[in-house]
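Peer 1: Following is a predicted model, sequence given first.
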Amino acid sequence: MKKGNWAVLSVLLVFGVLLMSVASAGTFIGTESQGALDASAWSQHLLNVPELVFRHCEQGIGYGLCPVYTGPSEDAFRMANGRACVATDYEMWEGGYDQYGWLLVYFEANDGTMNVGYIPPRYVRGFQSQMPVNDFDAVPVIAEKRIQITNNPMQGRSYFAVLDPGDEFFVIGQYNVYGNWWYIEGWVDNTYTRGFIEKDSSAFSFSYQDSDHLPVLVSECYDINGQKITEQVIGLRESQYVDAPQLNGYHCAYEPVYVSVQNGSCSPSRIIWIYESDNDSEANPNEYPPHNGSSGNSVVYPTEWDTQFRPGLTEKEYNLERYKDLRYVGDDNYGTPYVWLIYSSERSDSIPELTAFFPGSTISEIGIRNGCLKNATDYFRYARIQELEIKLFDSAGNVYAERMVLPDIYSTEYSVKPLSRTYSDIRKVEFFLKSFYYDENEDNGHKYLLYVSDIQFRQ
């Protein structure tokens, strides 16, 4: 666990008993309204941290196989050598969402152990939890002796990490249904994690954060495609409004967030900010958020569609079977997608994946409903377009090149690409798949099966 030099208050918890002993000089630095917080107040604060409560879901929650992490972050430690998953179509327990949409769950793993973890928001969109939003505490402490961490408090085994004396961490909750456990948060080999430690055998002391180590607020900064830009950690002396961090080349339209500083911790302790590039409309015109509604330009319909996945152009049996579904790519119905299995040999050849033919039309925009839009879970399970190379052919034999990068966001609206100019007398438009989004933890039958729900052309 990450080490530091926090000063120690005068209470040591050993074998569940509060032992009063001066560990070092110093007093808790609170806000003006708080004043100093003595050891007895810290003890009471610890005993009142929230309890984890789960609701039994006998038939599961119906979202298939979902990745699960020990903490509410995709940067958090993940069991099973980084591949831990929960089968949500079977018996499990849910403990509610946190403020960012991570679902707390308790489930049986393949090895028969019972585990607690978090499912990322995009895998459980639409699930209506019947539990209150998680509101854990954050009591800063320091390990006084070696402490084992587990995410299996029901069976009391499956220890996955160890706290050494002097390691800093937070007690954020407790679980007392099976045994007596503190729920903690900290870092293992510089990796964020949450887990459980036994109350009866854990020895740790309260700590306060001096002027150089204030209560910590983490700001996570993402772009509009959901890609993490950076993470910033700041210390706060008192409750205040916090603005989005200033990032070169990006801007954030979010209003300031009020952060409460109390009992040595921040609430919220983590804020997610979404940024747009300052140069989206100039240097990088092809990357954009989903288009919300029609631009008003009239739709231009192809006279015919063709694909690489037809007899004579592919020998891949799966794609030949889907050739009959080609009509779905232009039917303006996101419930009827066109699907093909991605092979590296076909993606890298000179034959376009899709081709649309026109009688000599004017085209200024192309809109795409990307991915499997049945639900958000299936959207992220299956492959979807990331980047397309587009070639437009006119009657005079001229060929024009465009590029389209789609955001990885579940939306039933068209993502619309305004072309670099309005093209006239177009006879053919070819689409070449350059790259695609996929979940590396899915099996080949999901992560390489690419869905395109609709493609639309506008004057």
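Peer 2: Yes, it's here. Note that the structure is predicted; figures quoted are calculated from it, not measured.

Peer 1: Check the gap between residue 72 and residue 320 for me.
Peer 2: 44 Å (Cβ to Cβ, to the nearest Å). C-beta here means a position set from N, CA and C on the backbone, and glycine is covered the same way.

Peer 1: That should have said residue 420, apologies.
Peer 2: Residue 420 is 36 Å from residue 320, by Cβ to Cβ.

Peer 1: now swap in residue 218 and tell me
Peer 2: 51 Å.

Peer 1: same thing with residue 201?
Peer 2: In terms of Cβ to Cβ, residue 201 sits 63 Å off from residue 320.

Peer 1: Name the strands paired with whichever strand in the chain runs longest and say parallel or antiparallel.
Peer 2: Counting residues, the longest strand found in the chain (DSSP state E) is strand 415-437. Neighbouring strands of strand 415-437 in its sheet, by DSSP bridges, are strand 354-370 (antiparallel), strand 384-394 (antiparallel).

Peer 1: Residue 43 should be in a helix, yeah?
Peer 2: Yes: under DSSP: H, G, I helix; E, B strand; the rest coil, residue 43 sits within a helix.

Peer 1: What about it, how many residues nearby?
Peer 2: By other Cβ atoms under 10 Å, 17 other residues sit near residue 43.

Peer 1: Could you do the one 3 residues further on as well?
Peer 2: The local packing of residue 46 (other Cβ under 10 Å) involves 20 other residues.

Peer 1: Looking at residue 72 and residue 320, which is more packed in?
Peer 2: Using other Cβ under 10 Å, the more surrounded residue of residue 72 and residue 320 is residue 72, with 25 against 14.

Peer 1: Now the more buried one. Nearest residue, chain neighbours left out?
Peer 2: Leaving aside its sequence neighbours, residue 72 sits nearest to residue 102 (Cβ to Cβ, 6 or more residues apart in numbering; 3.6 Å).

Peer 1: distance of the one you found from residue 226?
Peer 2: Residue 102 sits 14 Å away from residue 226, going by Cβ to Cβ.

Peer 1: and those two? which has more neighbours close in?
Peer 2: Per other Cβ under 10 Å, whichever of residue 102 and residue 226 has more neighbours is residue 102, with 23 against 12.

Peer 1: Name all residues that make contact with the more buried one.
Peer 2: By Cβ atoms under 8 Å, 6 or more residues apart in numbering, the residues touching residue 102 are 72-73, 118-121.

Peer 1: Test my guess that residue 67 contacts residue 78.
Peer 2: Yes: taking contacts as Cβ atoms under 8 Å, residue 67 lies within contact range of residue 78: 7.3 Å.

Peer 1: what touches both of the two?
Peer 2: Joint contacts of residue 67 and residue 78 (Cβ under 8 Å, 6+ apart) are residue 84.

Peer 1: ok, residue 405 to residue 318 distance?
Peer 2: Where residue 318 is concerned, residue 405 sits at a distance of 27 Å (Cβ to Cβ).

Peer 1: more crowded one of these two?
Peer 2: residue 405 (18 against 14).

Peer 1: Dig out what that one forms beta bridges with.
Peer 2: Beta-bridge partners for residue 405, by DSSP bridges, are residue 287, residue 387.

Peer 1: Helices of the chain, residue ranges please.
Peer 2: Ranges of helices in the chain, per DSSP state H, are 39-47, 79-82, 317-321, 344-347, 376-381, 444-447.

Peer 1: right, so of those, which gets closest to residue 414?
Peer 2: helix 376-381 (15.0 Å; Cβ to Cβ).

Peer 1: Just the C-alphas of the closest one, formatted as PDB.
Peer 2: Only the C-alpha atoms of helix 376-381 are listed here, as PDB (Å, rounded to 0.1, in the frame of the first residue of the first chain):
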ATOM      1  CA  ALA A 376     -26.600  -0.200 -23.700                       C
ATOM      2  CA  THR A 377     -25.200  -3.500 -22.400                       C
ATOM      3  CA  ASP A 378     -25.200  -5.100 -25.900                       C
ATOM      4  CA  TYR A 379     -23.800  -1.900 -27.400                       C
ATOM      5  CA  PHE A 380     -20.600  -2.300 -25.400                       C
ATOM      6  CA  ARG A 381     -20.400  -6.000 -25.700                       C
END
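
Peer 1: which stretches of the protein have low pLDDT?
Peer 2: For the chain, applying pLDDT under 70 flags the ranges 1-42, 157, 208-214, 225, 237-238, 263-264, 279-297, 321-324.

Peer 1: residues contacting the residue of the chain positioned farthest from its centre?
Peer 2: Within the chain, the residue lying farthest from the chain centre (Cα atoms, centre = their mean) is residue 396, at 48.0 Å. By Cβ under 8 Å, 6+ apart, the contact set of residue 396 is residue 425.

Peer 1: how near is it to residue 64?
Peer 2: 51 Å.

Peer 1: repeat for residue 448
Peer 2: According to Cβ to Cβ, residue 448 stands 17 Å off from residue 64.

Peer 1: Over to residue 365?
Peer 2: Residue 365 sits 35 Å away from residue 64, taking Cβ to Cβ as the criterion.

Peer 1: Who has more neighbours out of those two?
Peer 2: Taking other Cβ under 10 Å, residue 365 and residue 64 do not tie; residue 365 has more neighbours (20 against 17).

Peer 1: was I right about that one contacting residue 420?
Peer 2: No: using Cβ under 8 Å, residue 365 makes no contact with residue 420, being 11.1 Å away.

Peer 1: joint contacts of these two?
Peer 2: With Cβ under 8 Å, 6+ apart, residue 365 and residue 420 have no common neighbours.

Peer 1: dump the residue contacts of the spatially most central residue of the chain.
Peer 2: Centroid check for the chain by Cα atoms, centre = their mean gives residue 120 as the closest residue, at 5.2 Å. Listed by Cβ under 8 Å, 6+ apart, the contact set of residue 120 reads 66-67, 69, 74, 102.

Peer 1: which two in these are spaced the farthest apart?
Peer 2: 66 and 74 (12.3 Å).

Peer 1: quick one: which of those two has more around it?
Peer 2: Neighbours were counted for residue 66 and for residue 74 using other Cβ under 10 Å; residue 66 has more, 24 against 13.
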